[in-house]
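S.K.: I'd like to go over a predicted model; first the sequence, then the structure.
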Amino acid sequence: MIYYIMLFLFFNFSIFGSNKNNMIFINGGTYVPLFKVSKNEFDNFKYVNSFYIDIYPVTNFDFKNFISINKEWSNDVVPNILADKNYLFQWSVNNFNDIKYKPVVNISWFAANAYCEYMDKRLPSIDEWEYLFTFNNFDNSNSLFLQKMLDWYLDSQSYKLIDVNMMESNLLGIYGLYGNIWEWVEDFNSVILINTDAEGGDLEEILYCGASAINAVNPSDYVAFMRYAFRNSLEANYTMSYLGFRCAKNVN
Amino acid sequence: MLIKFKNFYFLLFFILIFNCFGYTNDSIFKLNIDLINSDNQKVLLSSLNGKISILSMIYTNCKTVCPVIITSMKNIKKNLTSKELNDINFVLITLDPDRDSVEVLRKFSVDKHLFDHWSLFRTSKINTLKLSHILGVKYKKDTLGDYVHSNLILIIDKFGVIRMYHHGLDKDYSKLLVLVRSLI
């Protein structure tokens, strides 16, 4: 009898315990990416499969727990090519208890990816992230909302990071998708703004800017444009004081 | 509002400048991942150490740029003496592990006569992504299942440091050859 109770408890814990309960199921659907793939309007809808997503960005506390087991990711041993010198800088200048439940920032793509892999998850793709973003509380064409977003993207440094559960949530109940941190996506290096295989998609970087506006479905969507420009500027070992992450997971 | 837009362009400018100088002088061999060669043997990425790698990420179904890249790499090889070639590996890694199985890679190397000093590799999807990130290669699957990707040949020294990005369509190999010879 006790055996069954223990088994039940263990089973319960493994389903509802640890990190699983901080994810929600996202039904698949279509969205329109910022950049056109073809002149045909219909082709520009992209279908995103169902997936799970973390409700909160990963916190300093979560990441410290990860490092206590995966010592190769602590800041004194991680090689430069996997995380640059500002990796986890906030831990050295703050009392850890003050930033415990704030999103972990100054984190490289490799470190974020290693965390998700360890949790048996993965980073969300660009499409998944942008799809989530369409479920915000405001109409995307609402100029007040756009202005608010733009203000934040332009000047995120002057906004103070807050605990993840204090962040604003969107219609799906996902906290902090905007207005707090930028987030890593798995395939940030797939932002190739010139869409031609014949040219190999790596013309001088400076050309990206002018050419890309022509390809945008909605050139007035500055906010999305900034996210793409930002991703395009990243390297996988970069760490930044307002760049964090959350994990996703495949269904089944 | 106008001031905001000015800031916006300033930021974009800044991002582009930032982008151009993103470069680390560290060894890519610190990325601990497995590769599978066309003889179906599992090797570590770091097993490329000790030789200069002239490397590109391609996929075998690619009809446009990849054949040009391979031709370029063959031309580079022709310019090197057999003594120099002892210190050099020509490395192709597939961007398309779904379709490029070990058998496909083996057949590809036979069809294209990629034998001495050539190595072809595949790895898992997530490792392909990690590798592309560490090499600074961009790629994106398009709606037809093909890939848009950086058209680049990388020169990596014996210790795993990326020393040069050569544009795949650039037929002038003089700088590249000077660099490669200096690294031997």
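M.R.: That came through fine.

S.K.: Which residue does chain B have closest to chain A?
M.R.: B:Asn151 (2.6 Å; C-beta to the nearest C-beta). Just so you know, the C-beta spots here come from the backbone N, C-alpha and C atoms, and that holds for glycine as well.

S.K.: From B:Gly168, how far off is that residue?
M.R.: 4 Å (C-beta to C-beta, to the nearest Å).

S.K.: Same question for B:Ser150.
M.R.: Computed with C-beta to C-beta, the distance linking B:Ser150 and B:Gly168 is 8 Å.

S.K.: Surely the residue of chain B closest to chain A touches B:Ile69?
M.R.: Yes: between B:Asn151 and B:Ile69 there is a contact under C-beta atoms under 8 Å: 6.6 Å.

S.K.: Give me the common contacts of the two.
M.R.: With contacts defined as C-beta atoms under 8 Å, 6 or more residues apart in numbering or on different chains, the residues shared by B:Asn151 and B:Ile69 are B:Gly168.

S.K.: dump the residue contacts of A:Arg231.
M.R.: Each residue near A:Arg231 by C-beta under 8 Å, 6+ apart is listed here: A:Ile126, A:Val185, A:Phe188, A:Val191.

S.K.: Wait, a helix at it?
M.R.: Yes: counting by DSSP: H, G, I helix; E, B strand; the rest coil, A:Arg231 is part of a helix.

S.K.: one step back: count of residues packed around the residue of chain B closest to chain A?
M.R.: Using other C-beta atoms under 10 Å in any protein chain shown, B:Asn151 has 26 other residues around it.

S.K.: cool, B:Phe115 as well?
M.R.: Under the neighbour criterion other C-beta under 10 Å, B:Phe115 is assigned a count of 8.

S.K.: Run through chain B and note the low-pLDDT ranges.
M.R.: For chain B, applying pLDDT under 70 flags the ranges B:1-24.

S.K.: any idea where the strands of it begin and end?
M.R.: With DSSP state E applied, chain B shows strands at B:34-37, B:42-44, B:52-58, B:88-94, B:118-122, B:139-141, B:147-149, B:152-156, B:162-167, listed in chain order.

S.K.: now the angle from the third one to strand B:162-167?
M.R.: In terms of direction (axes from the mean of the first three to the mean of the last three C-alpha atoms, to 10 degrees), strand B:52-58 departs from strand B:162-167 by 50 degrees.

S.K.: partner strands of strand B:52-58, parallel or antiparallel?
M.R.: In its sheet, strand B:52-58 lies beside strand B:88-94 (parallel), strand B:152-156 (antiparallel), with partners assigned from DSSP bridges.

S.K.: Make JSON lines from those and add mean neighbour count to it.
M.R.: JSON lines is the format used below for these (neighbours: other C-beta atoms under 10 Å in any protein chain shown):
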{"stretch": "strand B:88-94", "mean neighbour count": "22"}
{"stretch": "strand B:152-156", "mean neighbour count": "22"}
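
S.K.: does the residue nearest to the spatial centre of chain B have beta-bridge partners, and which?
M.R.: Central residue check for chain B by C-alpha atoms, centre = their mean: the C-alpha nearest the mean position is that of B:Ser56, 2.6 Å away. Counting by DSSP bridges, B:Ser56 is bridged to B:Leu92.

S.K.: likewise B:Arg122?
M.R.: According to DSSP bridges, the residues that bridge with B:Arg122 are B:Ile36.

S.K.: Thought B:Ile33 was touching it, still the case?
M.R.: No: taking contact to mean C-beta under 8 Å, the distance of 11.8 Å between B:Arg122 and B:Ile33 leaves them out of contact.

S.K.: Before I go, just wanted to say thanks for your time.
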